[in-house]
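# just the structure for this:
(chains A and B)
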Amino acid sequence: MNFLFRKKESYSDSEIISILTSRKKHEDAVLRFLYAEVQPSLTKFILSNNGSSDDVEDIIQDAIIVFYEKVKNNQLQLEKTVSGYIYTVGKYMWYNKLRKNKKQVRLENNDFSKIGLDEFDIELFHTNETSFVKELLSKIGKACQTVLQQSVFEKIAMDQIAQLNGYKNEQIARNKKYRCLKELRTVIEQSTQYQTIVNELCYD
Amino acid sequence: MTNTSDKQLIKKFLRNELSKDEKAAFTARKEDTSFLEALENEMIAIQSRQELKKKLQGIGADHKTQQNTTPKRFAPLGIAASVILLLGTIFFFNQGINNQELFEEHYSSYPNIYTQKGTSDDDKTLFEKTMILYDAKQYKLAQQNFETINSERELTDGEHFYYGITLLELNTPKAALVQFKNITDTSSPLYKDTQWYLALTYIKENDVDKAKVVLTELQDIVGKKKQEEIKTILNQL
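Purely as a prediction, here's the structure:
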């Protein structure tokens, strides 16, 4: 967007990693920058390999999520540049999709394991998994989901979580997290999917 | 960190794809605290990935629109210049101006910079269709569309921005404030424009103190012309 006050967004690889690691407020700007950076190369690659523009959008988003999570978990194996890494992840994801659709693409595990990925990273979303998790997490309430996401996925420090959620202090946030995890564990254990496995083995 | 076989058990459990042997392995691990923590963490990650995906979908929609956009770069400059002239005149002739009049004199809906060229209606996203309604001053219908988008996913900065202006056009400044306040990232290309409209909305709401705070901060980060304009308003408040 070229507005009256437009400011150019551009980040070096070390800035990107530093912003995502420390969860500075420029995180959204970094995501926008990454999207624009990888979009041309992944578009070219996917469109020339039997993909549609919808596939392009999907793969770019999923590849950025993998990168984001690897940075947050301190598991990033960066051989070249950040945009090169995201491009490679997207490429593997697309090959995996083609292979699943029987488009005769060979994809060996050691290809993507070279950059620290496994089969679950390159197939990020799975319908059964998503609906099961959504159903279970809805039972612990929105406030619990928020605290757990901030702590577990976004790696936000507990004192910041307290501030973000309006808790008086860090200890209250910790207690909340503890109670939420306990609730989640109960919800898992009471789920049909879990009970079926346990009971099935009891009666075998 | 989760080891590979634990991760496989967890993922297959969540996907309901465990084989008989894997079910036995899962049951054997179910009392282990580290295994249970890994299971919980993976569930939270799955939910978080969904939310991050929604955010990236919004960014993608913005990006797509941006690529098809013909920016009207100089329209806001014209508006700004006119506003300065108007303000100067008003200040000279009528120093007793009230906040509502001050708002009216400054306020002008922001031009639609999302004008699409060469795309059929079928190709347009709901936001693009909404911007056509915005252009046609069909603000009530635009508001309904923004509500629909908002119920489906998180709004992007661009959507919050135009939703806010739509609400101002519908004379609901309190609701507009909520939208403008969503744009908090100072590096967002929309940040300064949003702060401008936020200040105007506070003026409309007779919240002079907050308007002054926003304008004073904005004064430090805008160009010379805009600084002059803000200075004039601050003198009037």
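# could you count how many residues lie near the residue nearest to B:Ser5 when sequence neighbours are not counted?
Nearest residue to B:Ser5 in three dimensions, chain neighbours excluded: B:Ala25, at 7.7 Å (C-beta to C-beta, 6 or more residues apart in numbering or on different chains). The way it works is simple: take the backbone N, C-alpha and C, and place the C-beta from them, glycine included. Burial of B:Ala25, expressed as a neighbour count using other C-beta atoms under 10 Å in any protein chain shown, amounts to 17.
# check B:Glu152 too.
With other C-beta under 10 Å as criterion, B:Glu152 counts 11.
# again, but for B:Tyr162
Counted with other C-beta under 10 Å, the burial measure for B:Tyr162 works out to 25 neighbours.
# and it, what element?
In this assignment (DSSP states H and E), B:Tyr162 forms part of helix B:157-169.
# show the subsequent helix or strand relative to that helix.
Per DSSP H and E, helix B:157-169 leads on to helix B:173-181 as the next helix or strand towards the C-terminus.
# looking at chain A, which helix or strand is least sure?
Least confident element among the helices and strands of chain A, by mean pLDDT, DSSP states H and E: helix A:109-113 (a mean of 69).
# same question, chain B
Lowest mean among helices/strands of chain B [mean pLDDT, DSSP H and E]: helix B:75-93, a mean of 53.
# just the element for the closest residue to A:Tyr167 other than its chain neighbours, please.
Spatial nearest neighbour of A:Tyr167, chain neighbours left out: A:Ala173 (4.8 Å); criterion: C-beta to C-beta, 6+ apart. Secondary structure here is read from DSSP H and E; on that basis A:Ala173 sits in helix A:170-190.
# which residues touch the most centrally placed residue in chain B?
For chain B, the residue sitting closest to the mean C-alpha position, by C-alpha atoms, centre = their mean, is B:Asp157 at 2.4 Å. Contacts of B:Asp157 were listed using C-beta atoms under 8 Å, 6 or more residues apart in numbering or on different chains, and they are A:Asp28, B:Asp62, B:Asn182, B:Ile183, B:Asp185, B:Ser188, B:Pro189, B:Leu190, B:Thr194.
# in helices, which of those residues fall?
Here DSSP state H is the test, and those give A:Asp28, B:Asp62, B:Thr194 as lying in helices.
# from memory A:Phe153 sits against B:Ile46, does it?
No: A:Phe153 is beyond contact range of B:Ile46, at 9.5 Å (criterion: C-beta atoms under 8 Å).
# now for A:Leu124: which residues touch it?
By C-beta under 8 Å, 6+ apart, the contact set of A:Leu124 is A:Asp62, A:Ile65, A:Val66, A:Met93, B:Arg49.
# wait, a strand at it?
No: using DSSP: H, G, I helix; E, B strand; the rest coil, the assignment for A:Leu124 is coil, not a strand.
# what helix or strand is the residue nearest the centre of chain A located in?
Central residue of chain A (C-alpha atoms, centre = their mean): A:Ile65, 3.9 Å from the mean position. In this assignment (DSSP H and E), A:Ile65 forms part of helix A:53-72.
# continuing past that helix, what's the next helix or strand?
Trace forward from helix A:53-72 with DSSP H and E and the next one is helix A:82-100.
# what helix or strand does B:Asn112 sit in?
Counting by DSSP H and E, B:Asn112 is part of no helix or strand.
# could you find the closest non-adjacent residue to it?
By the measure of C-beta to C-beta, 6+ apart, the closest residue to B:Asn112 outside its immediate chain neighbours is B:Asp135, 4.8 Å from it.
# would you mind measuring from that neighbour to A:Glu69?
Computed as C-beta to C-beta, to the nearest Å, the B:Asp135 to A:Glu69 distance reads 40 Å.
# so which of those two has more stuff around it?
Relative neighbour count places A:Glu69 above the other of B:Asp135 and A:Glu69, with 19 against 14, counting by other C-beta under 10 Å.
# remind me which residues of the chain are low pLDDT?
I'll assume chain A. Counting by pLDDT under 70, the ranges of chain A that qualify are A:1-9, A:23-25, A:103-110, A:201-204.
# that's the wrong chain, I meant chain B
B:1-4, B:66, B:68-97, B:115-123.
# which residues in it form helices?
Listed in chain order, the helices of chain B (DSSP H) span residues B:4-14, B:20-29, B:33-67, B:75-93, B:99-106, B:126-135, B:139-152, B:157-169, B:173-181, B:191-204, B:208-219, B:224-236.
# which of these sits closest to A:Pro40?
Taking C-beta to C-beta as the measure, the helices of chain B were each checked against A:Pro40, and helix B:33-67 came out nearest at 10.3 Å.
# name the helices or strands packed onto that closest one?
Using 3 or more C-beta pairs under 8 Å, 6 or more residues apart in numbering or on different chains; DSSP states H and E as the contact criterion, the neighbours of helix B:33-67 among helices and strands are helix A:27-47, helix A:53-72, helix A:127-138, helix A:142-148, helix A:170-190, helix B:4-14, helix B:126-135, helix B:157-169.
# that one versus helix B:126-135: what angle between them?
Interaxial angle, helix B:33-67 versus helix B:126-135 (axes from the mean of the first three to the mean of the last three C-alpha atoms, to 10 degrees): 40 degrees.
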